[in-house]
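> Next input, structure requested:
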Amino acid sequence: MLGGLSEALEGGSRRGLRIQLLAVLVLALMPLLVLSSVQGIMEYEAQRQREIDRLNATAMSASEAITAAFSRADGMSGAIASQAAALATDPAACMAALQRMTNADNTISNIAIIDASGQLTCSALEPAEDATDYSDRDWFISLRDGADRAHSDVVFGAMSQRHIVLTVRRLISDDATAPDSSGLPAFDGVVAVATDLNAAASLVRRERIQAEAQIALISRQGVFRLDTGTASIDIFESATPGSLLEQARTDEIVRATDTGVRAGYEVIVASLIPERLGVAVAAPARVFQSWQGVSVISTIAIPALMTLLVLVCVWVAVDYFILRWLTYLQRIAQLYAAGRLDLVPQRARKAPREVARLAAVMEQMAASLDEQRSELAEAVDQRSGLLREIHHRVKNNLQVIVSLLNLQAGRVTDKAAAEALMDARRRINALALVHRSLYETDDLRFIEIHPFLQDLIHNLSDVLGGYESTVRVTVECDELALSPDQAAPMALFVTEAVTNAYKHAFNGRQDGQIIVRLTCDDDAQCEIAVLDDGTGAAETAQAGTGSSLMNAFAQQLGGAFASRASRLGGYEVAITFPANLP
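I've put the predicted structure just below:
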């Protein structure tokens, strides 16, 4: 039962009061945590969407500003194309006129007129020495082959020393319908208007650009970052122009993916010139760096911190108000279990009312148990005294019977009858010794066997051989105790066996040795044996009265009787039986 209680206590410790209360509180607060988490996620998504919308507005503003610059450049190129023939007649006047037009729009860095052979005719800026022949440029070849207008990719202007995009238009000749040899209208040259990309990007409304946002133009040659006064780190350094151009749409803002732009940035793209030129805006998508991000975090963190604070408070409160008192009462209960029933749990009077009531009940229980224990101890002492008195009187009665047998044996003239009376005396004396051992011991349930056998052999030696006997009887016995139910038949067996050895083992000899041996193994299987170094067993030994009695004693012990030659060279009888050990 105690083992089951220990297992229950160990099992209960794995489901402690604190853990169970914390689990209940977590379950109770779980809806709040879930709702705050959902709200935080929704706020995060809303804030993230606002950031993306802001980025879309920046991209749209940049697209509109650069597109407007290209539109002005296209309109200017059309106006100049119709008057190019007149301007070309006077180079100085032509240069002055182009400079006035260039200065009229800060997004225009240069205007140039190129003849049909690709040679620079007139320019608002001084021509560079190595930049006077444009006959091999893609846009020039496109217009020469019949196109009316075209745009270049992003190039670095040799004359303006800036990154530009050229808007080029075919010159309108005086005889515009005159075909050339290929049947197309006559080609007299082109007018090229250079749009300064950084100047065009400066038209984007500054309040719409985030602190770390960057704007870039996308062409087939690469990605050109526009100077918007932002950080010096180029986040478009590893961008893939082809993927960005494929995702760009005219008059539509698209959130690009797989752009190669640095991780942690959102990229918005729009098309300026289909499949040739686009604009991209990139900004960090880090909501939590703003005050709105702090609000999103607080939406989740505050309920979580409150829950954690509640759990910590409950943990401390349970330990202070409950568990420390339960631990104290547990120690008191352990002392009660150890027999300290007079102990009073004084400290529990300062405990909470419920714990103090429990301590009072435990104190009353201990007092009741102490009273019952005193009554039981008194009853046990009285019973033990009565039992000892009974055993003492039985022993005295048996001693009276032994004395009567002695008197009767002294008056019997028949030797066989006298011998029978003496045998009965020895057996009764063995039983009297059992009762004497019982009332002399502290525990009436068991008899210490070694001193018991010593007394039994001493009495037998006195009766059988007297003080002048030369037969030595030795006791070899393990230290153990047996119940009276087993000690009595074992004593009768030893009496019978030692008596037989005295009578029959040493015929014709003056001395001899008898050993009484009791041994037990770990499984409580015991063997009581009596062996001698005499002449051995007679042929009629197995059929005698002694063997019959010893078999009967073996049955009373619940064991088996055996006889054999002893290791001393004589005869040995033994009983093997299961012992009732304490």
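> what's the pLDDT at Ser13?
In this model, Ser13 is scored at 47, pLDDT.
> same thing with the one 5 residues further on?
pLDDT recorded at Arg18 is 73.
> what's around it, how many residues?
16 (other Cβ atoms under 10 Å). (Each C-beta comes from the backbone N, C-alpha and C, glycine too.)
> what's the answer for the one 5 residues further on, then?
Using other Cβ under 10 Å as the criterion, Ala23 is surrounded by 11 other residues.
> any idea which element it lies in?
Following DSSP states H and E, one finds Ala23 within helix 17-88.
> Poorly predicted segments of the stretch 301-450 of the chain, please.
391, 430, 434-444 (pLDDT under 70).
> Check the gap between Cys94 and Ala194 for me.
According to Cβ to Cβ, to the nearest Å, Cys94 stands 16 Å off from Ala194.
> So for those two, which residue has more residues nearby?
Applying other Cβ under 10 Å to Cys94 and Ala194 shows that Ala194 carries more neighbours, namely 28 against 22.
> partner strands of the helix or strand harbouring that one, parallel or antiparallel?
Ala194 belongs to strand 189-196 when assigned by DSSP H and E. Applying DSSP bridges, strand 189-196 is found paired with strand 108-115 (antiparallel), strand 163-170 (antiparallel).
> can the ones you listed go into TSV with extra columns for distance to Val269?
Formatted as TSV, the strands paired with strand 189-196 follow (distance: least, Cβ to Cβ, whole Å):
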stretch	distance to Val269
strand 108-115	25
strand 163-170	17
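> Of those, give the one that comes closest to Met101.
Distance to Met101, taken as Cβ to Cβ, is lowest for strand 108-115 among the strands paired with strand 189-196, at 5.8 Å.
> Contacts for that closest one, please.
When contacts are defined by Cβ atoms under 8 Å, 6 or more residues apart in numbering, strand 108-115 is touched by residues 72-73, 76-77, 80, 84, 87-88, 94, 98, 101-102, 120-125, 127, 134, 140, 157, 159-160, 162, 164, 171, 188-196, 199.
> can you check stretch 419-426 too?
Around stretch 419-426, the neighbours that count as contacts under Cβ under 8 Å, 6+ apart are Val402, Leu405, Asn406, Gln408, Ala409, Val412, Leu460, Val463, Leu464, Thr495, Thr499.
> Could you rerun that using 7 Å?
Stretch 419-426 is contacted from outside by Val402, Leu405, Asn406, Gln408, Ala409, Val412, Leu460, Val463, Thr495, Thr499, using Cβ atoms under 7 Å, 6 or more residues apart in numbering.
> Drop anything exposed from those.
Buried members of the contacts of stretch 419-426, scored by 16 or more other Cβ atoms under 10 Å, are Val402, Leu405, Ala409, Leu460, Val463, Thr495, Thr499.
> any idea which of those residues is the one closest to Val26?
For those, the nearest to Val26 is Thr495 (77.9 Å; Cβ to Cβ).
> Please name every helix or strand in contact with the one helix or strand that closest one maps to.
Using DSSP H and E, Thr495 maps to helix 484-504. If you count contacts as 3 or more Cβ pairs under 7 Å, 6 or more residues apart in numbering; DSSP states H and E, helix 484-504 packs onto helix 415-440, helix 449-464, strand 512-520, strand 525-532, helix 545-557.
> sec struct for the residue located most distally from the centre of the chain, please.
Residue farthest from the centre of the chain, counting by Cα atoms, centre = their mean, is Thr413 at 95.1 Å. Under DSSP: H, G, I helix; E, B strand; the rest coil, Thr413 falls in the coil class.
> Repeat that for Gly339.
Following three-state DSSP, the label given to Gly339 is coil.
> Please tell me how far it sits from Ser384.
From Gly339 across to Ser384, the span is 20 Å (Cβ to Cβ).
> Those two: which is more packed in?
Each of Gly339 and Ser384 has its neighbours counted (other Cβ under 10 Å); Ser384 has more, 14 against 11.
> Please, which helix or strand holds the more buried one?
Per DSSP H and E: Ser384 is located in helix 353-411.
> how much space between Leu407 and Ile401?
Applying Cβ to Cβ, the value for Leu407 to Ile401 is 11 Å.
> Please apply the same query to Thr495.
For Thr495 relative to Ile401 (Cβ to Cβ), the value is 15 Å.
> who's in contact with Asp321?
Slight slip there: residue 321 is Phe, not Asp. Taking Cβ under 7 Å, 6+ apart, we find Phe321 in contact with Pro352.
> Quick one: classify it as helix, strand or coil.
Per three-state DSSP, Phe321 ends up helix.
> next one: Val267
strand.
> Quick check: beta-bridge partners of it?
Assessed by DSSP bridges, Val267 has beta-bridge partners Ala282.
> my guess is it meets Thr257, correct?
No - using Cβ atoms under 7 Å, Val267 is not in contact with Thr257, being 8.1 Å away.
> Between the two, tell me which one has more neighbours.
More neighbours surround Val267 than the other of Val267 and Thr257, with 27 against 8 (other Cβ under 10 Å).
> So what touches stretch 525-537?
For stretch 525-537, contacts defined as Cβ under 7 Å, 6+ apart pick out 490, 493-494, 497-498, 501, 505-507, 512-520, 563, 565-579.
> How far off centre is it?
Put simply, stretch 525-537 sits 67 Å off its chain's centre (Cα atoms, centre = their mean, to the nearest Å).
> Could I get the buried residue list for that stretch?
Residues Cys526, Glu527, Ile528, Ala529, Val530, Leu531, Asp532, Asp533, Gly534, Thr535, Ala537 are the ones in stretch 525-537 that count as buried (16+ other Cβ under 10 Å).
> Equivalent analysis for stretch 262-276, please.
Those would be Arg262, Tyr265, Glu266, Val267, Ile268, Val269, Ala270, Ser271, Leu272, Ile273, Arg276, for stretch 262-276 by 16+ other Cβ under 10 Å.
> Distance to Gln247 and pLDDT added to these, as TSV?
Shown next, in TSV, are those (distance: Cβ to Cβ, whole Å; pLDDT from 0 to 100):
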residue	distance to Gln247	pLDDT
Arg262	17	74
Tyr265	15	77
Glu266	13	78
Val267	9	82
Ile268	10	79
Val269	6	83
Ala270	10	82
Ser271	9	81
Leu272	14	78
Ile273	15	78
Arg276	14	76
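> burial count for the closest residue to Asp136 other than its chain neighbours?
In this structure, Asp136 finds its nearest non-sequential neighbour in Gly118, 7.3 Å apart by Cβ to Cβ, 6 or more residues apart in numbering. Neighbour count of Gly118, defined by other Cβ under 10 Å: 17.
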